[in-house]
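# here's my sequence, what's the structure:
(chains A, B, C and D)
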There are 2 protein chains.
Amino acid sequence: MRLTSFTDYGLRVLMRMAGTPDRAFTAADLAAEFRISRNHLAKVISALAAAGLLETRRGGGGGAMLARAPKDIRLGDVVAVLEADQALVECFASDTNTCTLTPHCRLKARLAHAEAAFVADLNRSTLADCVYRPEST
Amino acid sequence: MRLTSFTDYGLRVLMRMAGTPDRAFTAADLAAEFRISRNHLAKVISALAAAGLLETRRGGGGGAMLARAPKDIRLGDVVAVLEADQALVECFASDTNTCTLTPHCRLKARLAHAEAAFVADLNRSTLADCVYRPEST
DNA sequence: AGTAATACGCATTGTAAATACCAAATCAGG
DNA sequence: CCTGATTTGGTATTTACAATGCGTATTACT
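This is a model prediction of the structure:
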């Protein structure tokens, strides 16, 4: 069971931003701090902004910051958004599914239920529970 | 959020075997029926046997069959075994982890809890709930 | 013996994530 | 109204690893 690094990075971004609210973070800033690819991180930030979790501002002095208070951002929702295009198993992607059991399969619904349980369990926490406080401040 | 096809195939094998107990299935039989790779499936069967879920017998007339009654095989346990080497996120694989937040991260424990919730939810069902009945018998 | 099957290691392939690159759009500040 | 900094979006490339293939050894039934 795996989440993509895309999702992983998204969570790191949110936790870090919650640690220093009111600061606008550029993609370059965060990429340097996390020591990961700047370009890839830029896309993660785009996705978070598209989901309404971040507000971004372009141009000089621009950057991104949280669009809502950390306590109003539920972790499960974040994961669900960032993993939206990931099929848990092959048959969840109906267009490329080749499983011969599909017509009579009684497992699929149970897997979907478990996936929902995963998200629901995460939703018991909000970003406020996972604030990352930078080293020295 | 994704499970490997390795796990997917493992579940298919178990469901199919539960549909026709007392029959020994060879890897070739199942691969043909599912229209998937015979070699890959053989490894899945090995893993299931190593986990004590299947009994295998070599030689002519050999094959594999369930080691326990379907109602005594919990789905969450199966998934947990087959996904054992899959790290949910990078920091779960401590030897290759490069996340700079790790020392003060308050997210990891929550992710682990959610993963356990996923397995626990699946464990509400057993293989007996997911028997696959072949087309015409 | 001969045959049918698993078991296992290693090589190869294929695919998708991760990353890099580039051009365009946008904005702050002088 | 420039100019430099930044996001945005698209495409291309790289890379990692799951998936597959294959050969050999091993085991066991007939």
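
# can we go C-alpha only for contacts and neighbour counts from here?
Noted.

# how about stretch A:92-107 and chain B, touching?
Yes. Stretch A:92-107 is in contact with chain B by C-alpha under 8 Å from any C-alpha of the partner chain, via A:Cys99, A:Thr100, A:Leu101, A:His104, A:Cys105, A:Arg106, A:Leu107.

# okay, how far is it across that stretch, tip to tip?
Here the two ends of stretch A:92-107 are set 11 Å apart, with distance taken as C-alpha to C-alpha, to the nearest Å.

# same check on stretch A:30-47?
Across stretch A:30-47, first to last residue, C-alpha to C-alpha, it's 15 Å.

# for chain A, which segments count as helices?
A:5-19, A:27-34, A:38-50, A:75-82, A:108-122 (DSSP state H).

# would you list these in TSV and tack on mean neighbour count, mean pLDDT and distance to DNA strand C?
Below are the helices of chain A laid out as TSV (neighbours: other C-alpha atoms under 10 Å in any protein chain shown; pLDDT from 0 to 100; distance: least, C-alpha to the nearest atom of the strand, whole Å):
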stretch	mean neighbour count	mean pLDDT	distance to DNA strand C
helix A:5-19	21	93	3
helix A:27-34	16	89	9
helix A:38-50	18	90	4
helix A:75-82	20	94	10
helix A:108-122	19	96	17
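
# against B:Met65, how distant is the residue of chain A most remote from its centre?
Within chain A, A:His104 marks the point farthest from the mean C-alpha position, 33.7 Å out by C-alpha atoms, centre = their mean. According to C-alpha to C-alpha, A:His104 stands 21 Å off from B:Met65.

# wait, A:Ile73 sits on A:Asp129?
No. Contact between A:Ile73 and A:Asp129 fails when scored by C-alpha atoms under 8 Å: they sit 10.1 Å apart.

# follow-up on the earlier one: which non-adjacent residue is nearest the residue farthest from the centre of chain A?
B:Tyr132 (6.9 Å; C-alpha to C-alpha, 6 or more residues apart in numbering or on different chains).

# distance of that neighbour relative to B:Gly60?
Distance from B:Tyr132 to B:Gly60, by C-alpha to C-alpha: 26 Å.

# more neighbours, these two?
Legend: neighbour count by other C-alpha atoms under 10 Å in any protein chain shown for B:Tyr132 and B:Gly60, higher for B:Tyr132 (23 against 6).

# show me what contacts the more buried one?
A:Leu101, A:His104, A:Cys105, A:Arg106, B:Met15, B:Arg16, B:Met17, B:Ala18, B:Gly19 (C-alpha atoms under 8 Å, 6 or more residues apart in numbering or on different chains).
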